[in-house]
Each structure stands twice: as C-alpha cells, then as structure tokens.
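1. Next input, structure requested:
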Amino acid sequence: MILMSHVGNFVEDGVALPVKMAVCPLCGGRGHHARNLGTFTGEEMDDLGDQFREDYAAGLLDSKCEQCDGLRVVEIVDEAALNQAQQAELKEATRFADAAQADYDSEHWLREAGG
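-> All right, here's what the predicted structure looks like:
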C-alpha cells in the first residue's frame, strides 16, 4: 500500500486521492540542506578555517533536498477534498505505513544494539 503521485493525485491501490502543494518539511522550503554534513562544534569550525565557516554559513556546502528534489515544495494529500471512500483508504494506508515504519525502526534498533 504505497501512495504514489500521479498527475495531481496520489494513487492508492487504484483510488486517486486529491493533492495540494505544501512547503517541503525536510528542507523547510529552501530546496537544500546541510543534513548530510552533520554538525560541527565551534572548535571543529575553528580547525576547518574561516573559509569553511563562511561557505557552511552561506549554504555552499548544502545538498539538494532528497524529498522535494530541490523544488522547495511537495505534494501532500488534500484531506479537505477527500470523500468518505478516500478518507477510509487514506486511513488504512497511513495505518499500514505507520506499522511498516515501526517494524523498520525496531529492526534497525536491534541491528544497532547488536541483537
């Protein structure tokens, strides 16, 4: 049960769900982020030098956002426009996705914990 974008609609097992555009939640509408760089302490910034600090602060080292592909917006389901059947389909898809994420998270935790 994966929601896929298809010409202005999310398609869930053949049921089209209306969509609208929203600011990308990953990059906050910037189209890029420094998430892949990690974080730096002040001491690490000092070690890397002034040019690195300036480039980092200016966003020159950022990566294109993977979620919006640099477009700054993403399609989301327009819940206000859903009919009853679409609401039920979205609820089931969300339940399925949440369960799959919980399974992944617990398996990831076990691997990280050495289990």
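2. If you count contacts, what does the strand or helix carrying Asp47 end up packed against?
-> Element membership for Asp47, per DSSP states H and E: helix 42-48. The contact analysis (3 or more Cβ pairs under 8 Å, 6 or more residues apart in numbering; DSSP states H and E) places helix 42-48 against helix 50-58. Placement of C-beta: from N, CA and C, glycine included.
3. Need the residues that contact the helix it packs on.
-> Contact with helix 50-58 is made by Ala34, Leu37, Phe40, Met45, Leu61, as judged by Cβ atoms under 8 Å, 6 or more residues apart in numbering.
4. Could you identify the helix or strand that succeeds that helix?
-> Taking DSSP H and E, what comes next after helix 50-58 is strand 63-64.
5. list the buried ones in the following helix or strand past that following strand?
-> With elements assigned by DSSP H and E, the helix or strand that comes after strand 63-64 is strand 73-77. For strand 73-77, the neighbour count (16 or more other Cβ atoms under 10 Å) marks Val74, Glu75, Ile76, Val77 as buried.
6. how long is stretch 51-64 end to end?
-> End-to-end distance for stretch 51-64, by Cα to Cα, to the nearest Å: 21 Å.
7. Distance from that stretch to the middle of the chain?
-> Centroid separation for stretch 51-64 versus its chain: 21 Å, with Cα atoms, centre = their mean, to the nearest Å.
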